[in-house]
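K.L.:
okay, structure incoming, though there's no sequence with it:
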């Protein structure tokens, strides 16, 4: 098995997908998770590449959020689209990132992502509340690189 396959079990992946569904019920924001084994690039730079390769910029309100994990390198980044960045402060993602990293340090990968996703949904709700005509603009499944 590769390290990315060891990072989460199939049932843990389903719990993360369910957390995305729950988080997106309160916000028009769109959340995705991407896991890959290694990148030569810094995590935020690589997250930006992944963000665009997944076409996350194609949401109506430009309010997509990517949770990026580099397993071998133990790298993590949260990246929000320009619609989010226009209305929030520079430290908007810090508390969410801290939640995820606290769990990662204790080898609770699934709990870190689930709790981070739920927190992101709560934070996004303030600026991008769910609207009755919202559609799920991006897939909820975990992507892998």
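P.N.:
Done, it's in. Note that the coordinates shown come from a computational prediction; the quantities given were computed from them, not determined experimentally. Residues are numbered from 1 along each chain as shown.

K.L.:
from residue 106, how far out is residue 89?
P.N.:
Look at residue 89 and residue 106: by CB to CB, to the nearest Å, they are 28 Å apart. Bear in mind the C-beta positions are built from the backbone N, C-alpha and C, glycine included.

K.L.:
and the residue lying closest to residue 46 once chain neighbours are set aside, how many neighbours?
P.N.:
The shortest distance from residue 46 to any residue other than its chain neighbours is 4.3 Å, reached at residue 39 (CB to CB, 6 or more residues apart in numbering). For residue 39, the neighbour count with other CB atoms under 10 Å is 18.

K.L.:
residue contacts, residue 39?
P.N.:
Under the criterion of CB atoms under 8 Å, 6 or more residues apart in numbering, the neighbours of residue 39 are 46, 70, 73, 75, 145.

K.L.:
nearest to residue 82, out of those: which one, please.
P.N.:
Nearest to residue 82 among these is residue 46, at 18.4 Å by CB to CB.

K.L.:
host element of the closest one?
P.N.:
Per DSSP states H and E, residue 46 falls inside helix 43-53.
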